[in-house]
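*Asks:* only geometry, no sequence info:
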């Protein structure tokens, strides 16, 4: 993002003086698994466009590699770890919980692991949610079911002082917080309050956002499973559409501000003709609007499939003006809106259509992970434990260029990751669907709109950066 000076330096609780109980090699070349050194880095920017060479090689572009350290900060016998899951459901939550518990228990010998019930709400004594003692026996099979073993909720992350009071009361000195952008902003506030009180408590986040909208990381866990489930929905609705006179299949998928699930589903399905995402404006009416192109598709092929992200086309609907418990803006329903508009359009033209609408969002959220996501969750959980044992704090574990790194929460939450209309991903969507680059009637207006939106996003990121620097 132009004009932003990132700082990827990692906060450490103190010097690591305790020899790790894990037996690994200190040297490369001896054909044994090795420890990771603190001076091992991954470059964030690898592709060079208009960046100056020094920007590529500067320390500000270096991300600290994740992994087990030879010397650790915490004595495992004195560790009490806490785990909580926050926000909406996402495939892989149980896989991550399981990985954290097993690594703490089996690799480091930690015997006190508390599961906080129902997200941040579980920290508040007035709610009456007692923590669960976790061990390899009671979490061994949870990866085989969807949802979260610990339960989840939205909101409460702004009650920072109460949360830290509860952490201290439970004797927790290592807190693992699994959640998305809003959750991790809360975890940063918690870590800052811990630091303000002079407490030696590590706060490590594991980024959970099925929309894949956390900045810098390659992908978030559960995303591939969501795409797989979305592709199944497209296959079903395509069969319905292909079997009917004037068949139209409409599938609404998750993606509040970022259309990654819809975009990747469109590519993976091979059966999507129109993909609508929040980052690419579209219009319904006019010679270059969606309805005209849909009509032309039906005349030419007899059927059509549309995939729409939940946050797409919000400018066409009346805003709800409401927010949920996490502070997220409640979206108007683009799925039912498109369904009704398409039916009305062809009814007025006295053209027979058969439209089938599917919204599999909650089915997707509750799904069990596929093999690749399950493997990813296992590794994220492992790396989170290694980081915390080494006294790392105020970080999330991220995958950058297929390497696991420690990413400061303050940087990861500056802005949301979105589909770039100029990217190869969106170009590949256009190749897969054969839809127009833009379904609008005045490209100049759209260009100005997108430019203004980018400027607003950059301004918010700069304001957020200034805020975290002053924390």
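*Replies:* Sure thing, it's come through. Just so you know, these numbers come straight off a predicted model, no measurement behind them.
*Asks:* Low-confidence bits of the chain, can you list those?
*Replies:* 1-3, 47-59, 323-328, 471 (pLDDT under 70).
*Asks:* you'd agree residue 42 is up against residue 400?
*Replies:* Yes: the pair residue 42 / residue 400 is scored as a contact, 5.6 Å apart, by Cβ atoms under 8 Å. (C-beta placed from N, C-alpha, C; glycine too.)
*Asks:* so what sits against both of these two?
*Replies:* residue 63 (Cβ atoms under 8 Å, 6 or more residues apart in numbering).
*Asks:* Mind checking which of those two has more residues around it?
*Replies:* Neighbours per residue (other Cβ atoms under 10 Å) separate residue 42 from residue 400, with residue 42 holding more: 21 against 18.
*Asks:* Shouldn't that one be within a strand?
*Replies:* Yes: counting by DSSP: H, G, I helix; E, B strand; the rest coil, residue 42 is found in a strand.
*Asks:* how far away is it from residue 422?
*Replies:* 25 Å (Cβ to Cβ, to the nearest Å).
*Asks:* buried stuff in the longest helix belonging to the chain?
*Replies:* Determined from DSSP state H, the single longest helix within the chain is helix 443-469. Within helix 443-469, the residues that count as buried by 16 or more other Cβ atoms under 10 Å are 446, 461-462, 464-465, 468.
*Asks:* for those, which one is nearest residue 20?
*Replies:* residue 468 (31.0 Å; Cβ to Cβ).
*Asks:* how about the helices in the stretch 51-200 of the chain?
*Replies:* Assigned by DSSP state H, counting those that start in this stretch, the helices in the stretch 51-200 of the chain fall at 53-57, 93-102, 108, 136-139, 160-169, 181-196.
*Asks:* Let me know which of these is tucked in deepest.
*Replies:* helix 93-102 (a mean of 26; mean count of other Cβ atoms under 10 Å).
*Asks:* That one: how far from the chain's middle?
*Replies:* Relative to its chain's centre, helix 93-102 lies at 17 Å (Cα atoms, centre = their mean, to the nearest Å).
*Asks:* So which elements touch it?
*Replies:* The contact analysis (3 or more Cβ pairs under 8 Å, 6 or more residues apart in numbering; DSSP states H and E) places helix 93-102 against strand 80-85, helix 136-139, strand 174-179, helix 371-389.
*Asks:* Can you tell me which of the ones you listed is most buried?
*Replies:* strand 174-179 (a mean of 30).
*Asks:* next one: phi and psi at residue 404?
*Replies:* phi -90, psi 130 (degrees, to the nearest 10).
*Asks:* Disregarding flanking residues, what is the spatial nearest neighbour of residue 209?
*Replies:* residue 180 (3.8 Å; Cβ to Cβ, 6 or more residues apart in numbering).
*Asks:* Quick check, residue 103 in contact with residue 378.
*Replies:* No: contact criterion Cβ under 8 Å: residue 103 and residue 378 do not qualify, at 9.1 Å.
*Asks:* Surely residue 266 forms part of a helix?
*Replies:* Yes: assignment of residue 266 by three-state DSSP places it within a helix.
*Asks:* Neighbours of it, how many?
*Replies:* Count around residue 266 with other Cβ under 10 Å applied: 32.
*Asks:* before we move on, what about residue 431?
*Replies:* 10.
*Asks:* repeat for the one 4 residues further on
*Replies:* By other Cβ under 10 Å, the residues close to residue 435 number 23.
*Asks:* before we move on, what about the one 5 residues further on?
*Replies:* Counted by other Cβ under 10 Å, the residues lying close to residue 440 total 20.
*Asks:* So for the protein, the centremost residue is which one?
*Replies:* residue 209 (2.5 Å; Cα atoms, centre = their mean).
*Asks:* you'd agree it is up against residue 88?
*Replies:* No: using Cβ under 8 Å as the test, residue 209 is too far from residue 88 to be in contact (9.0 Å).
*Asks:* shared neighbours of the two, which are they?
*Replies:* residue 180.
*Asks:* Dump the helices of the stretch 51-200 of the chain to CSV, plus distance to residue 19.
*Replies:* Shown next, in CSV, are these (distance: least, Cβ to Cβ, whole Å):
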stretch, distance to residue 19
helix 53-57, 34
helix 93-102, 22
helix 108, 12
helix 136-139, 24
helix 160-169, 27
helix 181-196, 26
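*Asks:* nearest to residue 232, of those helices?
*Replies:* helix 93-102 (20.1 Å).
*Asks:* show me what contacts residue 317?
*Replies:* So residue 317 contacts 332-334, 337 (Cβ under 8 Å, 6+ apart).
*Asks:* at 6 Å what do you get?
*Replies:* 332, 337 (Cβ atoms under 6 Å, 6 or more residues apart in numbering).
*Asks:* same thing with residue 343?
*Replies:* Per Cβ under 6 Å, 6+ apart, neighbours of residue 343: residue 355.
*Asks:* Now do it against residue 294, distance only.
*Replies:* 12 Å.
*Asks:* Then residue 41?
*Replies:* In terms of Cβ to Cβ, residue 41 sits 49 Å off from residue 294.
*Asks:* now swap in residue 437 and tell me
*Replies:* For residue 437 relative to residue 294 (Cβ to Cβ), the value is 16 Å.
*Asks:* between those two, who's got more neighbours?
*Replies:* Just comparing residue 437 and residue 294: by other Cβ under 10 Å the higher neighbour count belongs to residue 294, 23 against 11.
*Asks:* hang on, that one is in a helix, isn't it?
*Replies:* Yes: assessed by three-state DSSP, residue 294 belongs to a helix.
*Asks:* Checking the residue nearest to it when sequence neighbours are not counted next. Helix, strand or coil?
*Replies:* Of all residues not flanking residue 294 in the chain, residue 304 sits nearest, at 5.9 Å (Cβ to Cβ, 6+ apart). Under the three-state scheme (three-state DSSP), residue 304 adopts strand.
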